[in-house]
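Chemist: Please find the sequence and the predicted model below.
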Amino acid sequence: MTPRFHGASALLALAGALATVTFAAAEENLAWHGWSAEGAAQLVYGVAESDHVLLSFACEQSGSPIRVVYPHEPKPARDGAAYDVTLKAGKQIMRLKTTGTRLEMDDLFILEGELPKGADLVGLLTGGKTLVVSVGKDVTELPLKDAAVAGSALFEICGR
């Protein structure tokens, strides 16, 4: 398995049921959740104990890049195409290159990328009250309440 797809089954499981959870029910329970096991860690914004995820940060071992998965279907959505994603909170701005991937089984389009080397994820997640995720003119706002606390395992394993 290549390093790019080493966590593919985890990403598929993470995004798998995204299309099956109704938005109205899920919206009420959206929060930041983090966990770690066997040297890997993940921080997601979504619904606890489900695969309904709006944004995910993960690494597989200390020193490995932090991968970002953002379920979003830009117009036009092309499998394998490059998309620029901007993450902004307060004065903190992070830009990353992502690749679009169609998950056929779930008819879900995701953008996958890696945080730039030296990126200050802690600063981003504590830089304001809202994390603004944008792809072109499409903008999503996620509250940052409890993001830094939920991300403590990710920061410890993956670096700050």
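Modeler: Thanks, I have the structure now.

Chemist: quick one: contacts for Arg102?
Modeler: Listed by Cβ atoms under 8 Å, 6 or more residues apart in numbering, the contact set of Arg102 reads 77, 79, 108-109. C-beta: built from backbone N, CA, C; applies to glycine.

Chemist: cutoff 6 Å now
Modeler: 79, 109 (Cβ atoms under 6 Å, 6 or more residues apart in numbering).

Chemist: Then Gly34?
Modeler: Contact partners of Gly34, counting by Cβ under 6 Å, 6+ apart, are 43, 150-151, 153-154.

Chemist: Among those residues, which ones are in strands?
Modeler: Among the contacts of Gly34, DSSP state E puts Leu43 in strands.

Chemist: In a markdown table, list the contacts of Gly34 along with distance to Cys59, pLDDT and neighbour count.
Modeler: Formatted as a markdown table, the contacts of Gly34 follow (distance: Cβ to Cβ, whole Å; pLDDT from 0 to 100; neighbours: other Cβ atoms under 10 Å):
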| residue | distance to Cys59 | pLDDT | neighbour count |
| --- | --- | --- | --- |
| Leu43 | 10 | 96 | 26 |
| Ala150 | 15 | 95 | 18 |
| Gly151 | 11 | 94 | 24 |
| Ala153 | 10 | 91 | 16 |
| Leu154 | 7 | 91 | 25 |
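
Chemist: and the contacts of Gly34, which of them are in helices?
Modeler: In helices, defined here by DSSP state H, the members of the contacts of Gly34 are 150, 153-154.

Chemist: Could I get those in a markdown table, plus columns for distance to Gly90?
Modeler: Putting the ones in helices among the contacts of Gly34 into a markdown table (distance: Cβ to Cβ, whole Å) gives the following:
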| residue | distance to Gly90 |
| --- | --- |
| Ala150 | 18 |
| Ala153 | 24 |
| Leu154 | 20 |
